[in-house]
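**Q** kindly generate the corresponding structure for this input.
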Amino acid sequence: MEQMVKSQKQFFLSNKTKPYRFRRKQLEKLKAMLQTYENDIYDALKKDLNKSKHEALTTEIGILYAEINFTLKHLKKWMDKQEVPSPLTHKGTSSYIVYEPYGCTLIMAPWNYPLQLSILPAIGAIAAGNTVVLKPSELTPHTSKLLKRMVENTFDADFFTVVEGDKTISEQLLHERFDYIFFTGSTQVGKIIMEKASKHLTPVTLELGGKSPAIVDKECQLKLAAKRIVWGKFTNAGQTCVAPDYVYVQEKIHHKFVNELKKQIISLYGKKPLQNKDYVRIVNKEHFDRLLGFLNKDQVVYGGKSDSVSLKIEPTIVHNISLNDQVMQEEIFGPILPILSFSTLDEIIPTIQQNEKPLALYYFGSAKKKENKLIESISFGGGCINDTLYHLANPHLPFGGVGHSGIGAYHGQYSFETFSHRKSILSQTTMFDIPVRYPGRKLAHVIAKRLLK
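**A** Below you'll find the model as predicted:
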């Protein structure tokens, strides 16, 4: 690994990665790679998580195509130096910002969207002119193996390489001195990444998680709200970092809303979702058992059945939940949706504020005043009004958390900026020299005082 990092750093220092034409060519190769191996990608995601072609396209491959196309369209402009004004005290100067690549970057990807969350950060790293070491998750072995084969057959290893392995390999990688680390995963592991990076003062982006609430007001379009929450929660069997973790529903519509949730689950996944060949499974037995530990049969209002052979758990709704129940103590990351009631927003805002800052928040309602109150009162990474998940698919919006839900953001231009150092340059004239800054000059102090105060 030491030699691998050394080789990538040498390649970076050759300046081959920095020209626009090189970056563009690598992004085009990345897109062509995805197109060439698209059927293999479908097969790998099916084997690892039982993802259907539709879900694989809409939540993994399609997002990557869109991101590459967007980056190719705008990259040249992003790379331009950014001219900025100079104050009166700097008469005769020009000032600008240069976007400089960090160097050798490490991307550590999770298992829940094993293709998308491996390649999406790499798009930004390549666009910014870096080299890339990618560590995919060992919990999705078919996708990990395919990623390694695709990248090896497409790129020079000194520019872009994939390292497979378990926790031990990850620890070995973190002993190396990378120039930037991008991690997507749990908050617990994110803390370890940050601690390891601190030994070399390596900058990091941490894309983490948390308990993201959905708030359903009585003034919402109830059927549409239920449909979009069901889609956002049970896509990928709830194994999504921005999935609604729990729902606060206004007490006057609680019963109607729960009934509508049931209808929408049947509409999207059928009456027997465990027999639905396209319904995503839980990644492994450990996570399967952890999720079942959240279930109390007296609290299950819909679903709750599971299959230990296929590792599937039905879309499940639980109610009569208290904030002290285990299901409300940690991020669920599975197809279990707790429903709680509220009477007014003033009742629940302090409760959400007291918890760690969530990665996402979703509000369903038509009252602009209430919408603004939630946005202004609660700190969260990003979110939607009258929808779920969709904000992360807009390349014009930065995606990331705050506090325990993450550090930094990416997508679109924000990916390019994340993997770039902003180098500040001031170019001073030699045609004249303003004497006010130098000591011992007549009236220097008086002039300086007028200029600076």
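**Q** show me what contacts Tyr96?
**A** 81-84, 425, 427 (Cβ atoms under 8 Å, 6 or more residues apart in numbering). Every C-beta, even on glycine, is put in place using the N, C-alpha and C of the backbone.
**Q** how about the helices in the stretch 151-300 of the chain?
**A** Ranges of helices in the stretch 151-300 of the chain, per DSSP state H, counting those that start in this stretch, are 167-175, 187-198, 222-234, 254-269, 285-292.
**Q** need those helices in a markdown table (columns: mean pLDDT).
**A** Rendered in a markdown table, the data for the helices of the stretch 151-300 of the chain read as follows (pLDDT from 0 to 100):
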| stretch | mean pLDDT |
| --- | --- |
| helix 167-175 | 95 |
| helix 187-198 | 96 |
| helix 222-234 | 98 |
| helix 254-269 | 97 |
| helix 285-292 | 97 |
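**Q** burial of the nearest residue to His54 once chain neighbours are set aside, as a residue count?
**A** Closest residue in space to His54, ignoring its immediate chain neighbours: Asp278 at 7.4 Å, by Cβ to Cβ, 6 or more residues apart in numbering. When neighbours are defined as other Cβ atoms under 10 Å, Asp278 has 14 of them.
**Q** re the thing from before, closest to Tyr302 out of the contacts of Tyr96?
**A** The shortest approach to Tyr302 among these belongs to Gln82, at 53.0 Å (Cβ to Cβ).
**Q** strands of the stretch 251-400 of the chain, start to end?
**A** In the stretch 251-400 of the chain, the segments counted as strands under DSSP state E, counting those that start in this stretch are 300-302, 306-307, 312-313, 316-318, 336-342, 360-364, 382-385.
**Q** mind telling me what element the nearest residue to Asp156 once chain neighbours are set aside is part of?
**A** Counting by Cβ to Cβ, 6+ apart, Phe11 is the residue found nearest to Asp156 once chain neighbours are left out, at 7.6 Å. Per DSSP states H and E, Phe11 falls inside helix 2-13.
**Q** Lys148 and Gln275: what is the separation?
**A** Look at Lys148 and Gln275: by Cβ to Cβ, to the nearest Å, they are 34 Å apart.
**Q** looking at those two, which is more packed in?
**A** Lys148 (16 against 11).
**Q** host element of the more buried one?
**A** Here Lys148, judged by DSSP H and E, is contained in helix 141-152.
**Q** now that helix: buried residues?
**A** By neighbour count, with 16 or more other Cβ atoms under 10 Å as the criterion, the buried positions of helix 141-152 are 141-144, 146-148, 150-151.
**Q** phi first, then psi, for the nearest residue to Thr143 once chain neighbours are set aside.
**A** Nearest residue to Thr143 in three dimensions, chain neighbours excluded: Pro114, at 4.1 Å (Cβ to Cβ, 6+ apart). With angles defined as degrees, to the nearest 10, Pro114 sits at phi -70, psi -30.
**Q** can you report how many residues lie near Pro114?
**A** 28.
**Q** that one: what's it in contact with?
**A** If a contact means Cβ under 8 Å, 6+ apart, then Pro114 has 45, 48-49, 136-137, 140, 143-144, 147 as its contacts.
**Q** now with 7 Å?
**A** Going by Cβ atoms under 7 Å, 6 or more residues apart in numbering, Pro114 touches 48, 136-137, 140, 143-144.
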